[in-house]
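A.B. asks: here's my sequence, what's the structure:
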Amino acid sequence: MGVSGSGKTTVGRALAQALGCAFAEGDELHPPENVARMAAGRPLADADREGWLAAIGARLAGAAARGEGLVVSCSALKRAYRDRLRAAAPPLRFVYLHGTPALLGARLAARRGHYMPASLLPSQLQTLEPPDADEGALAFDIAESPAAIVQRVVRSLEPT
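C.D. replies: Residues are numbered from 1 along each chain as shown. Below is the predicted model of the structure:
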């Protein structure tokens, strides 16, 4: 989880591979209306995210029901969104990728072929509610390499 440009897809794909499970790109689960809205530089409201969160929750719940692991890239900017996803598939764990606005902006400026414009980063940062300690999220600074983050996540998930 994290704002646009935090590396959710890169880290998520690598983490799924390291864990030997499937990966789902949360951006692909947005309805066309949301994609058009964001592509036009208009931030999403809570109501816009309802169907998207339901789709992600259904993916997570399906994998849990089958006893399969699944890594999903998803901004999950607010605690309410994370609570909804946790309710769909307990015990869900979040990996929170965070970085400075300058680093995030530079990554977005360099990104090509994505519908999310860099102009929406400030609204995402304003909306972001970093996970509280009671949420048990694993937090990583994106100044670290994706490989280092994945390695640390895998170690954190190992039983003690």
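A.B. asks: so where's the protein uncertain?
C.D. replies: Applying pLDDT under 70 to the chain picks out residues 113-114, 160.
A.B. asks: show me where it has its strands.
C.D. replies: Here the chain has its strands, by DSSP state E, at 22-25, 70-73, 95-98, 138-141.
A.B. asks: out of those strands, which one sits most buried?
C.D. replies: Highest mean neighbour count among the strands of the chain (mean count of other CB atoms under 10 Å): strand 70-73, with a mean of 23. The C-beta positions use only the backbone N, C-alpha and C, and glycine is treated the same way.
A.B. asks: the helix ranked longest in the chain packs against which elements?
C.D. replies: Determined from DSSP state H, the single longest helix within the chain is helix 46-65. If you count contacts as 3 or more CB pairs under 8 Å, 6 or more residues apart in numbering; DSSP states H and E, helix 46-65 packs onto strand 22-25, helix 32-39, strand 70-73, helix 79-88.
A.B. asks: residue 143: which of these is closest?
C.D. replies: strand 70-73 (19.1 Å; CB to CB).
A.B. asks: strand partners of the closest one, parallel vs antiparallel please.
C.D. replies: Take DSSP bridges as the rule and strand 70-73 pairs in its sheet with strand 22-25 (parallel).
A.B. asks: residues in contact with the partner strand?
C.D. replies: 9, 12-13, 15-17, 56, 59, 63, 68-73 (CB atoms under 8 Å, 6 or more residues apart in numbering).
A.B. asks: buried ones among those?
C.D. replies: Buried members of these, counted by 16 or more other CB atoms under 10 Å: 12, 13, 15, 16, 56, 59, 63, 70, 71, 72, 73.
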